[in-house]
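Colleague: next come a sequence and a model predicted from it.
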Amino acid sequence: MILKNKVQIPILLIYKIMALICGYGLWVTIAKTQLVQQTIRVPVAFYNLPKNYSVEGPETTRVKISGPRQVLYNLNPADLVTHIDLANTNLNQNNLETTQNITLTNQQLLLPANIRLIEYETDILKLKFKPDVRPELKGLTHEPQT
């Protein structure tokens, strides 16, 4: 009888170790595909700005996204940008400073296919459009003469 107990102890230990390894493997497999949410700050980029105007607005906005844990873990937040097209902006024809509200949509944040946008921190951005005083000098810098 003593011999029987000595043989069973290593077998039970092997079963416990195998159960632990199988349980850990199952947990890792399920955890990779688990849907999680993450809140990150992304920059705001404007394009198609009307000629002879500059725009003032927030440089970043906070977004809440959802997707598989592994995908969000590997996502580089620096690759995400909120793109705002200003081509259809109605500005004051008298070249006066104008303020407009732009509504943010899901299409403005280009996300990978398996990640979805839950919400923007604010759905509306307040933008201020200012006419350039001297557009012909835009981009020129003054170099001190020696």
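Modeller: Everything's here; your move.
Colleague: phi, psi for residue 87 please.
Modeller: For residue 87, the backbone dihedrals are phi -60, psi -40 (criterion: degrees, to the nearest 10).
Colleague: cool, and residue 123?
Modeller: phi -80, psi -20.
Colleague: same question, the one 3 residues further on
Modeller: Backbone torsions for residue 126, taken as degrees, to the nearest 10, come to phi -100, psi 120.
Colleague: bridging residues for it?
Modeller: On the basis of DSSP bridges, residue 126 is bridged to residue 101.
Colleague: how far away is it from residue 53?
Modeller: With distances taken as CB to CB, to the nearest Å, residue 126 is found 16 Å from residue 53. Glycine gets a C-beta too; all of them are placed from N, C-alpha and C.
Colleague: more neighbours: which of those two?
Modeller: The residue with more neighbours, out of residue 126 and residue 53, is residue 53; 18 against 12, by other CB atoms under 10 Å.
Colleague: for residue 132, see how far away the more buried one is.
Modeller: 7 Å.
Colleague: same thing with residue 96?
Modeller: 13 Å.
Colleague: same check on residue 116?
Modeller: For residue 116, the distance to residue 132 - CB to CB - is 39 Å.
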